[in-house]
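Just a sequence and a predicted model for now, questions to come.
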Amino acid sequence: MRKKIVAGNWKMNLTLAQGEQLVNDIVAAGIKLAEGQEVVVAPPFPYLIKVKQLIRNYPGIYLAAQNCASEKSGAYTGEVSAEMLASVGVDYVILGHSERREYFSESNAQLAKKIDLALANGIKPIFCCGEPLEVRKAETQNEYVARQLEESLYHLDAAALKNIVIAYEPIWAIGTGLTASAQQAQDMHAFIRARIAEKFGREAALGLTILYGGSAKPSNAGELFASADVDGGLIGGASLVAADFTAIVKSL
Ligand SMILES: O=C[C@H](O)COP(=O)(O)O
């Protein structure tokens with residue numbers, strides 16, 4: 001049975017005090033997670049250690065970073081390595097978010113290096129993929145996403161793939177209020193799973209958790225998560241409000 005996950009990506013939001021309050025409110029909600037269900041919170045780097053302490057007594061709640069360096073260590077001012085993240089207890093790392101690709105020019109090849117470093121340090125990548133609006137309008141989204149998968153993940157073997165989570169985030173739906181329909185999400189998730197099956201085998205594909213991200217909220221999460229190949233969500237804006245985030249978790 002593959003894992004079902006709701007992950008909250010705080011992006012560059014909240015002070016430490018606000019972040020602590022958010023985590024405390026999430027744990028106070030006392031959500032009962034079924035077997036195989038996980039909650040992940042991805043605060044900014046400076047809050048990771050604190051958030052790790054706050055969630056340590058809550059099995060089922062995991063810690064993610066929002067990025068890591070593509071180099072192992074050394075003279076890279078301002079960068080944070082996968083090894084550093086592992087040393088403070090980070091479980092997951094979001095890699096290839098469209099905002100990193102767009103504003104920080106992250107390439108598929110660079111992301112392949114980040115994935116290798118995360119895996120080598122025992123951190124599970126949440127690998128983001130997804131097409132911009134013009135690609136969706138041209139109906140070439142499958143080719144676009146296939147290329148992202150090929151160039152960042154296809155160098156792995158099936159054993160390594162077990163530690164990867166994929167998040168499909170159509171760029172036109174991120175922070176815009178425009179959500180992909182449940183059918184659009186399901187179609188792309190099924191396509192991704194089929195590509196993974198072709199490359200890594202059926203068992204690897206069936207075990208792969210594929211999240212949807214893009215204006216997911218309490219009012220649409222249930223419908224999105226009900227689709228056969230949608231295994232949860234990567235949540236941005238709604239993850240900053242404890243009541244919304246916990247309502248989305250309950251939709252798993
Ligand atoms: O990482 C999260 C996604 O970018 C979705 O963000 P959003 O829920 O604010 O649209």
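Cool, got the structure.

Would you point out which residue is most central in this protein?
Centroid check for the chain by Cα atoms, centre = their mean gives residue 126 as the closest residue, at 4.0 Å.

where does that residue fall, helix, sheet strand or coil?
Three-state call for residue 126 (DSSP: H, G, I helix; E, B strand; the rest coil): strand.

what pairs with it across the strands?
residue 94, residue 165 (DSSP bridges).

My understanding was that it contacts residue 91; is that so?
No. Look at residue 126 against residue 91 with Cβ atoms under 8 Å: they stay out of range, at 10.2 Å. C-betas here are computed from N, CA, C, even on glycine.

what's the overlap in contacts for the two?
40, 64 (Cβ atoms under 8 Å, 6 or more residues apart in numbering).

quick one, phi psi at residue 140?
Note on residue 140: its backbone torsions stand at phi -110, psi 20 [degrees, to the nearest 10].

Identify the residue nearest it in space, chain neighbours excluded?
residue 131 (7.8 Å; Cβ to Cβ, 6 or more residues apart in numbering).

Tell me how many other residues crowd residue 202.
Residue 202: 12 surrounding residues under other Cβ atoms under 10 Å.

Look up how far residue 193 lies from it.
Applying Cβ to Cβ, to the nearest Å, the value for residue 202 to residue 193 is 10 Å.

what does residue 119 give?
20 Å.

again with residue 135
From residue 135 to residue 193 the distance is 20 Å (Cβ to Cβ).

cool, and residue 93?
When distance is defined by Cβ to Cβ, residue 93 is 22 Å away from residue 193.

Can you pick out the residue with more neighbours from these two?
Legend: neighbour count by other Cβ under 10 Å for residue 93 and residue 193, higher for residue 93 (27 against 20).

from memory that one sits against residue 83, does it?
No. Residue 93 lies out of contact with residue 83 (Cβ under 8 Å); the separation is 11.7 Å.

what sits up against stretch 172-191?
In contact with stretch 172-191 (Cβ under 8 Å, 6+ apart) are residues 98-99, 130-133, 136, 141-142, 145-146, 168, 170, 210, 212-217, 220, 223-224, 226-230, 236-237.

repeat for stretch 138-158
96, 108-109, 111-112, 115-116, 119, 127, 129-131, 135, 161, 164, 166, 168, 170, 188, 191-192, 195-196, 199-201, 203-204.

list the buried ones in that stretch?
Neighbour counts using 16 or more other Cβ atoms under 10 Å place 141, 142, 145, 146, 148, 149, 152, 153, 156 of stretch 138-158 among the buried residues.

Pull it out as CSV, backbone CA atoms only.
Extracted in CSV, the C-alpha atoms of stretch 138-158 (Å, rounded to 0.1, in the frame of the first residue of the first chain):
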residue,chain,number,x,y,z
ALA,A,138,-0.9,23.8,-26.4
GLU,A,139,-1.9,20.4,-24.9
THR,A,140,1.7,19.3,-24.7
GLN,A,141,1.7,18.9,-20.9
ASN,A,142,2.4,15.2,-21.0
GLU,A,143,5.6,15.6,-23.0
TYR,A,144,6.7,18.5,-20.8
VAL,A,145,6.3,16.6,-17.6
ALA,A,146,7.8,13.4,-19.1
ARG,A,147,10.9,15.4,-19.8
GLN,A,148,11.2,16.7,-16.3
LEU,A,149,10.9,13.1,-15.0
GLU,A,150,13.4,11.7,-17.5
GLU,A,151,16.1,14.4,-16.9
SER,A,152,15.9,14.4,-13.1
LEU,A,153,14.8,10.9,-12.1
TYR,A,154,15.6,8.3,-14.8
HIS,A,155,19.2,7.9,-13.7
LEU,A,156,17.9,6.2,-10.5
ASP,A,157,17.1,2.6,-10.0
ALA,A,158,13.9,1.1,-8.7
